[in-house]
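Undergrad: Here you go, sequence then predicted model.
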There are 2 protein chains.
Amino acid sequence: MPQQFIPSSMPINGGGHNNNSHNRSSISSSSNNSLGSMSMKKSKKDKPSTRVRTVLSESQLRILKQMYTQNSRPDAVTKDHLVEATGLSARVIRVWFQNKRCKDKKRQTAMKEAQRTMEKVCFFLSFFLSSS
Amino acid sequence: MPQQFIPSSMPINGGGHNNNSHNRSSISSSSNNSLGSMSMKKSKKDKPSTRVRTVLSESQLRILKQMYTQNSRPDAVTKDHLVEATGLSARVIRVWFQNKRCKDKKRQTAMKEAQRTMEKVCFFLSFFLSSS
DNA sequence: AGCTAATGAGCCGTAAGCAG
DNA sequence: CTGCTTACGGCTCATTAGCT
């Protein structure tokens, strides 16, 4: 249930990294293409654990993001384009956009909520101050 | 930013034992690498202690350090380059950067602290001197 | 002894999986 | 498709252990 909570406090800090980190990414190490050949069944029964997480490289991410700003819901042709441009599989592209949309929406909702509570706080604050 | 608390908050995650070990003993001190004939796999029983400490050669270290000055937090592509350039495993590269960052940070913090206490000392010193 | 690779725990962001 | 959950890769920080 609560994977998501609204922090409600300014980033007190967080351990760790400066807020600007866009550093994420990775590349497939030299030319792997793990798709296909690996016989991983899609049986829903048991997969004790082998999910292959593709790590997107900086450049791939940049391409995807740019496209996203133009159109968050690209049609098939566009996706095809992206496949070619990034070298990723169509599936990865699709999933990326899905996740991105979802994430964005969630963030926006959280932001609105935060703003609302902020306004409330400000209101009460001004109220108390004016009463004295 | 300077202060860092370790929250130690709720233990949400169950478990989490992940261990991937790619083990690769790369011992390349400048030249020779021949084989790792000694393949000590980790048998879970009997050697609580045999860590393979990689000794970095001068040239490898130079490459890493130079890259570090440019970017202390390289992305995967860059790391991949480093893997190729140094002949070290990706894991070793990653760990090196982690340790380096940590070390740097610690040193910097210590330096700041030292400076602060220095200022205090100077202040008191000047105070006592002026009083006489 | 000091340096510093390596390890482990705890956490975060997010790609992948699945239900609806 | 959305929305939620899960598992993975990487990070920090503290600690352990192998060199010179």
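TA: Thanks, I have it.
Undergrad: The residue of chain A found nearest DNA strand C: neighbour count?
TA: Proximity to DNA strand C, evaluated over chain A using C-beta to the nearest atom of the strand, is greatest for A:Thr54 at 3.4 Å. In this view, the C-beta of every residue, glycine as well, is placed from N, C-alpha and C. The tally of other residues near A:Thr54 (other C-beta atoms under 10 Å in any protein chain shown) stands at 17.
Undergrad: and it, how far is that from A:Leu61?
TA: Here A:Thr54 is placed at a distance of 11 Å from A:Leu61 (C-beta to C-beta, to the nearest Å).
Undergrad: And the pLDDT at the nearest residue to the residue of chain A closest to DNA strand C once chain neighbours are set aside?
TA: In this structure, A:Thr54 finds its nearest non-sequential neighbour in A:Val92, 5.7 Å apart by C-beta to C-beta, 6 or more residues apart in numbering or on different chains. Note for A:Val92: predicted pLDDT of 97.
Undergrad: ok, and for stretch A:50-68, which residues are buried?
TA: Across stretch A:50-68, burial judged by 16 or more other C-beta atoms under 10 Å in any protein chain shown covers A:54, A:56-58, A:60-61, A:63-64, A:67-68.
Undergrad: Distance check, A:Cys122 against B:Pro74.
TA: Going from A:Cys122 to B:Pro74 by C-beta to C-beta gives 43 Å.
Undergrad: Repeat that for A:Thr109.
TA: Counting by C-beta to C-beta, the gap from A:Thr109 to B:Pro74 is 34 Å.
Undergrad: residue boundaries of the helices in chain A?
TA: A:58-70, A:76-86, A:90-130 (DSSP state H).
Undergrad: how about the shortest one, does it reach chain B?
TA: Same thing as helix A:76-86. No. Judged by C-beta under 8 Å from any C-beta of the partner chain, helix A:76-86 and chain B are separated, with a smallest distance of 13.5 Å.
Undergrad: So what touches that helix?
TA: A:59-60, A:63-64, A:67, A:71, A:74, A:88-90, A:93-94, A:97 (C-beta atoms under 8 Å, 6 or more residues apart in numbering or on different chains).
Undergrad: May I see these organised as a markdown table, with distance to B:Leu129 added?
TA: Shown next, in a markdown table, are these (distance: C-beta to C-beta, whole Å):
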| residue | distance to B:Leu129 |
| --- | --- |
| A:Ser59 | 61 |
| A:Gln60 | 64 |
| A:Ile63 | 65 |
| A:Leu64 | 65 |
| A:Met67 | 68 |
| A:Asn71 | 71 |
| A:Pro74 | 73 |
| A:Leu88 | 69 |
| A:Ser89 | 74 |
| A:Ala90 | 76 |
| A:Ile93 | 71 |
| A:Arg94 | 74 |
| A:Phe97 | 69 |
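Undergrad: any idea which of those residues is closest to A:Asp104?
TA: A:Phe97 (10.4 Å; C-beta to C-beta).
Undergrad: wait, doesn't that closest one sit right on A:Ser72?
TA: Yes. With contact defined as C-beta atoms under 8 Å, A:Phe97 counts as touching A:Ser72 (7.1 Å).
Undergrad: And the two? Which one has more around it.
TA: Comparing A:Phe97 with A:Ser72 by other C-beta under 10 Å, the one with more neighbours is A:Phe97, at 20 against 12.
Undergrad: OK, contacts around that one?
TA: Per C-beta under 8 Å, 6+ apart, neighbours of A:Phe97: A:64, A:68, A:72-74, A:79.
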